[in-house]
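S.K.: I would like to see how this sequence folds:
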Amino acid sequence: MTDTPSIRRRAYFISDRTGITVESMGEALLNQFNAAEFKQRTYPFIDTPDKAHELLAHIAEEVAEDGSLWGRPLIFSSIVNNEVRKIIHTCPAYHIDFYDSFIGNLEKELHADARRITGATHGLTDTARYDARMEAVNFSLGHDDGITDKDLARADIILVGVSRAGKTPTCLYLALQYGIRAANYPLTPDDLESLDLPRMLKPYKNKLFGLTIDSNRLQKIRQERRPDSHYASLKNCVKEVATAEEMFLRHNIPFLITTDKSVEELAACILTKCKLKRRF
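M.R.: I've put the predicted structure just below:
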């Protein structure tokens, strides 16, 4: 039986665009309070007074349903339009307004007025950067799971590891967030019969980076995919992970353990270890 957290709050991430930035920043703050429980909701594209009023009515209904169980709600917002922002601030909540917190101070420091336009973070304001990002994503999709070695020389990095170690999501995150052309290659049972590098990878040894994972965690992931199969058995997972790590060590391939790392952490660690630079 688990104890009920002493701190229980609703947390709303409100933005006039996608909400990605305010959600990331808000979650980074909330993650520092592991003794608290948060009900989180993200509301993007709140960019008119009507939408703001409608959202506040919805929040009021949820808070009323909670009674006193969840306390005063928290609102994290990033809204440029002053009229919409003022409406959001009428909500009886604890507000963290990222524009209020930072833009004014930056204007004073830079002695310049901010543009105060929506979409400056995630809008399509720079087509060259967007095209570079999409090209990297397409490259990663085209070189997922060792599909082909065509144009593999163009890869910035090639992630290698056993099946379900986290290669594909990490590749796509590297491509989408940093414009890195990331390919990946799954080590098959045939590959693991020998500690030699797979034929496809030998010409690109300097681009290889390994991902490994705790055997018990791998078994649980595989069990969901293929229940009660040899592929998902703990004995097979232990063997595959041990052989893959031995291969990495023999060929001096740097590697990371993915078990307790988010895809964001993995991508940042890989960039640092491999001295890769974002392309946009």
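
S.K.: pull the helix or strand with minimum mean pLDDT from this structure.
M.R.: Least confident helix or strand of the chain, by mean pLDDT, DSSP states H and E, is helix 98-110 with a mean of 82.

S.K.: what does it rub up against?
M.R.: Contacts to helix 98-110, defined as Cβ atoms under 8 Å, 6 or more residues apart in numbering, come from residues 21-22, 25, 76-80, 85, 113-114, 116. To be clear about C-beta, it is placed using only N, CA and C from the backbone, and glycine gets the same treatment.

S.K.: next: stretch 64-73.
M.R.: Contact partners of stretch 64-73, identified using Cβ under 8 Å, 6+ apart, comprise 7-12, 39, 59, 63, 91-94.

S.K.: I'd like the mean pLDDT over that stretch, please.
M.R.: In this model, stretch 64-73 has a mean pLDDT of 87.

S.K.: roughly how far out does it sit from the chain middle?
M.R.: 30 Å (Cα atoms, centre = their mean, to the nearest Å).

S.K.: can I get that stretch in CSV? Just the C-alpha atoms.
M.R.: Extracted C-alpha coordinates of stretch 64-73, given in CSV (Å, rounded to 0.1, in the frame of the first residue of the first chain):
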residue,chain,number,x,y,z
ALA,A,64,-14.9,22.3,-8.6
GLU,A,65,-15.1,18.5,-9.1
ASP,A,66,-11.9,18.1,-7.1
GLY,A,67,-13.1,20.0,-4.1
SER,A,68,-10.3,20.5,-1.7
LEU,A,69,-8.5,17.3,-2.6
TRP,A,70,-6.0,18.8,-5.1
GLY,A,71,-5.5,22.4,-3.8
ARG,A,72,-5.0,25.5,-5.9
PRO,A,73,-4.1,24.7,-9.5
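
S.K.: quick check: buried residues in that stretch?
M.R.: 70, 73 (16 or more other Cβ atoms under 10 Å).

S.K.: quick one, strands of the stretch 51-200 of the chain?
M.R.: In the stretch 51-200 of the chain, the strands defined using DSSP state E, counting those that start in this stretch lie at 74-78, 94-97, 157-162, 182-187.

S.K.: ok, the second one: who's next to it in the sheet?
M.R.: Using DSSP bridges, the strands paired with strand 94-97 are strand 74-78 (parallel).

S.K.: again, but for the third one
M.R.: The sheet places strand 157-162 alongside strand 182-187 (parallel), strand 208-212 (parallel), with pairing taken from DSSP bridges.

S.K.: could you give the mean pLDDT of it?
M.R.: Summarised as a single mean, pLDDT over strand 157-162 is 97.

S.K.: quick one: contacts of that strand?
M.R.: Under the criterion Cβ under 8 Å, 6+ apart, residues 152, 167, 170-171, 174, 180-187, 192, 201, 204, 207-213, 218, 240-241, 244, 253, 255, 270, 274, 276 lie in contact with strand 157-162.

S.K.: pLDDT weak spots in this protein?
M.R.: For the chain, the stretches flagged by pLDDT under 70 are 1-5, 115-126, 280.

S.K.: residue farthest from the centroid of it?
M.R.: Largest separation from the mean C-alpha position in the chain: residue 111, at 34.9 Å (Cα atoms, centre = their mean).

S.K.: so what does it have for phi and psi?
M.R.: phi 50, psi 50 (degrees, to the nearest 10).
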